[in-house]
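**Q** Please find the sequence and the predicted model below.
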Amino acid sequence: MMKPADELKARTKKFALRTVKVFQALPRTEDARTLGKQLLRSGTSVAANYRAVCRARSKAEFVARLGIVVEEIDETVFWLELLVESGIIARPRLHPLQIEANELLAIFVRSQLTAKGIGSNSSIRKSSNP
């Protein structure tokens, strides 16, 4: 049985490979290639930076590197949305990858909050609710 960290390494690597395939399938127009390069950079960065998270030598380094992963997956969600909303790629074609990107975003945001000690019962959340 794989450890959760190893499962996420495999999952993020598979996600990176899927973003490479999307990039390769894009039309050869300037707008598609410009957006595609951004997707390619951020989508592959998720896996590379998650591997760095797993090598963190301290809690502070872990939290900082995890923050980078959150930024990169969130940016990837944005580029996927832009590819669909601009009409470059049909929604049904990217929908499974968008679902995976949003699931990864949720996982990494939750991990980030946990690592920072901000849980669902946190005083930060309680103070924002009247």
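**A** Done, it's in.
**Q** what sits against Ile89?
**A** Residues counted as contacts of Ile89 (Cβ atoms under 8 Å, 6 or more residues apart in numbering) are 22, 26, 83. In this view, the C-beta of every residue, glycine as well, is placed from N, C-alpha and C.
**Q** try 6 Å this time
**A** Taking Cβ atoms under 6 Å, 6 or more residues apart in numbering, we find Ile89 in contact with Leu83.
**Q** Tell me the secondary structure at it.
**A** Here Ile89 takes the coil state, with states given by DSSP: H, G, I helix; E, B strand; the rest coil.
**Q** Any chance of the backbone angles for it?
**A** In terms of degrees, to the nearest 10, the main-chain angles of Ile89 are phi -130, psi 140.
**Q** Can you show me the helices along this structure?
**A** Taking DSSP state H as the test, the helices found in the chain are 4-25, 30-54, 59-85, 91-115, 123-128.
**Q** Name the residues of the longest one that come out as buried.
**A** Taking 16 or more other Cβ atoms under 10 Å as the neighbour-count basis, helix 59-85 is seen to contain the buried residues 62-63, 65-70, 72-77, 79-80, 83-84.
**Q** How about stretch 96-109?
**A** 97-98, 100-101, 104-105, 107-108.
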